[in-house]
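> With the sequence up front, the predicted model follows.
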Amino acid sequence: MKKTWIRTVKDLVVIFIAAGIYAVGISLFLDPNNLAPGGVTGIAVILNRLSHLETGTLYLCLNIPVILLGMWKFGWRFIIKTAYAIVVTSFFTNLLSSYDALTTDPLLAALAGGVLIASGVGLVFKSGATTGGMDIIVKIIRQKYRHLKTGYLFQCIDMTIVAVSGFIFRDLNIALYALIAVLITGRTLDYILYGADEARMIYIVTKKPEEVGQKLMEEIKVGVTYLKGRGGWTKEEKDVIFCVVRKQLAPRVEETVKQEDASAFLIVTSANEIYGEGYKDFFEESM
């Protein structure tokens with residue numbers, strides 16, 4: 001119980017810092033240069049120009065129905081850290097909006113803002129939360145339409161918001177700079193969370209192989225294989241769970257295993273080329 005509380009406090013502190021980093025990217029780089037970076041934040045930037053309400057306030061208001069929807073779909077445990085991240089981000093965004101932009105060059109603003117947003121989001125994800133908004137909406141859409149890829153859904157939403165921003169601001173250049181920010185954010189976030197590799201290969205040695213394997217299959221929808229192993233010192237027979245997941249899912253696999261068996265032994269390694277069901281077709285890729 002003590003370790004759980006310490007870890008929770010640590011996560012909340014990291015989220016607090018991450019929200020500040022995220023808000024710097026918005027309030028001191030993107031927002032003052034009319035750059036809408038996609039997602040709920042991009043919508044908030046656009047609505048700010050139409051309503052003159054503070055961007056942070058709009059960000060919070062837009063996320064309230066999404067939080068309620070997420071709580072209904074996934075339970076309050078999933079959403080509590082996310083709600084905290086949203087409130088703190090909204091606070092810092094409004095606080096920093098009173099300061100002048102650190103640069104008025106839209107290209108530099110897009111680059112710096114994109115990196116800062118990705119850094120903030122990456123830290124939030126590593127702390128077991130999300131920044132709300134489109135993360136939750138995409139998760140819900142994926143539950144019903146599993147054939148649609150997560151990255152594809154995010155791209156469609158972000159491209160739509162960027163296009164709308166160009167129309168609202170009546171400036172194609174601004175929309176293109178916003179697109180640069182979106183692309184930089186996506187690439188930087190991928191690198192922060194998962195490195196440059198395509199997938200993760202994970203071996204899990206646990207005292208609860210059936211429980212862990214079942215949870216991975218039901219909650220994350222990944223396939224698992226049970227391998228037979230024998231302890232070198234104890235000579236005990238045991239099941240070893242083996243799975244290969246896309247890099248975006250690796251942190252969730254690790255978190256799920258820790259929740260089910262905190263003493264589990266994990267080996268996580270990179271896998272650059274994966275062929276077979278759910279990945280690349282060997283014959284297609286060879287052509």
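Here it is on my side, so go on.

> how about the helices in this structure?
Taking DSSP state H as the test, the helices found in the chain are 2-25, 39-51, 55-74, 76-96, 106-126, 134-144, 150-169, 172-194, 209-215, 250-260, 282-286.

> Send over the fourth one as PDB, restricted to the C-alpha atoms.
Same thing as helix 76-96. Once non-C-alpha atoms are left out, helix 76-96 reads as follows in PDB (Å, rounded to 0.1, in the frame of the first residue of the first chain):
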ATOM      1  CA  TRP A  76     -13.300   6.100 -13.000                       C
ATOM      2  CA  ARG A  77      -9.900   4.500 -12.300                       C
ATOM      3  CA  PHE A  78      -8.900   5.000 -15.900                       C
ATOM      4  CA  ILE A  79     -10.000   8.600 -16.000                       C
ATOM      5  CA  ILE A  80      -8.900  10.100 -12.700                       C
ATOM      6  CA  LYS A  81      -5.300  10.900 -13.600                       C
ATOM      7  CA  THR A  82      -6.500  12.100 -17.000                       C
ATOM      8  CA  ALA A  83      -8.900  14.500 -15.400                       C
ATOM      9  CA  TYR A  84      -6.100  15.800 -13.200                       C
ATOM     10  CA  ALA A  85      -3.800  16.200 -16.300                       C
ATOM     11  CA  ILE A  86      -6.500  18.200 -18.100                       C
ATOM     12  CA  VAL A  87      -7.200  20.500 -15.200                       C
ATOM     13  CA  VAL A  88      -3.500  21.300 -14.600                       C
ATOM     14  CA  THR A  89      -2.900  21.800 -18.300                       C
ATOM     15  CA  SER A  90      -5.900  24.200 -18.500                       C
ATOM     16  CA  PHE A  91      -4.500  26.200 -15.500                       C
ATOM     17  CA  PHE A  92      -1.000  26.500 -16.900                       C
ATOM     18  CA  THR A  93      -2.300  27.400 -20.400                       C
ATOM     19  CA  ASN A  94      -4.300  30.300 -19.000                       C
ATOM     20  CA  LEU A  95      -1.500  31.400 -16.600                       C
ATOM     21  CA  LEU A  96       1.100  31.500 -19.400                       C
END
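
> just the angle between that helix and helix 106-126, please?
In terms of direction (axes from the mean of the first three to the mean of the last three CA atoms, to 10 degrees), helix 76-96 departs from helix 106-126 by 150 degrees.

> For helix 76-96, name the packing helices and strands.
Where contact means 3 or more CB pairs under 8 Å, 6 or more residues apart in numbering; DSSP states H and E, helix 76-96 is packed against helix 2-25, helix 55-74. In this view, the C-beta of every residue, glycine as well, is placed from N, C-alpha and C.

> For the first one, buried residues please.
By neighbour count, and taking 16 or more other CB atoms under 10 Å as the criterion, the buried residues in helix 2-25 are 11, 14-16, 18-25.

> same question, stretch 182-194
Using 16+ other CB under 10 Å as the test for burial, stretch 182-194 gives 182, 184-186, 188-190, 192-194.

> Likewise for stretch 44-56?
Result for stretch 44-56 [16+ other CB under 10 Å]: buried residues 44-48, 54-56.

> any chance of those in TSV, plus distance to Met159 and pLDDT?
Converted to TSV, the buried residues of stretch 44-56 look like this (distance: CB to CB, whole Å; pLDDT from 0 to 100):
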residue	distance to Met159	pLDDT
Ala44	17	94
Val45	16	93
Ile46	14	94
Leu47	18	94
Asn48	20	93
Glu54	26	94
Thr55	21	94
Gly56	24	94
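
> Need the residues you listed in JSON lines (columns: distance to Ile202).
Shown next, in JSON lines, are the buried residues of stretch 44-56 (distance: CB to CB, whole Å):
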{"residue": "Ala44", "distance to Ile202": "37"}
{"residue": "Val45", "distance to Ile202": "38"}
{"residue": "Ile46", "distance to Ile202": "41"}
{"residue": "Leu47", "distance to Ile202": "42"}
{"residue": "Asn48", "distance to Ile202": "43"}
{"residue": "Glu54", "distance to Ile202": "43"}
{"residue": "Thr55", "distance to Ile202": "40"}
{"residue": "Gly56", "distance to Ile202": "38"}
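
> Now stretch 129-144 - C-alpha only, PDB.
The C-alpha atoms that make up stretch 129-144 are tabulated as PDB, following Å, rounded to 0.1, in the frame of the first residue of the first chain:
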ATOM      1  CA  ALA A 129      -2.700   9.000 -17.900                       C
ATOM      2  CA  THR A 130      -3.700  10.700 -21.100                       C
ATOM      3  CA  THR A 131      -4.300  14.300 -22.100                       C
ATOM      4  CA  GLY A 132      -7.900  13.500 -22.700                       C
ATOM      5  CA  GLY A 133      -9.800  14.700 -25.700                       C
ATOM      6  CA  MET A 134      -9.100  12.700 -28.900                       C
ATOM      7  CA  ASP A 135      -7.200  10.000 -27.000                       C
ATOM      8  CA  ILE A 136     -10.400   8.900 -25.400                       C
ATOM      9  CA  ILE A 137     -12.500   9.400 -28.500                       C
ATOM     10  CA  VAL A 138     -10.200   7.400 -30.700                       C
ATOM     11  CA  LYS A 139     -10.100   4.600 -28.100                       C
ATOM     12  CA  ILE A 140     -13.900   4.500 -28.100                       C
ATOM     13  CA  ILE A 141     -14.000   4.500 -32.000                       C
ATOM     14  CA  ARG A 142     -11.500   1.700 -32.100                       C
ATOM     15  CA  GLN A 143     -13.600  -0.500 -29.800                       C
ATOM     16  CA  LYS A 144     -16.300  -0.500 -32.400                       C
END
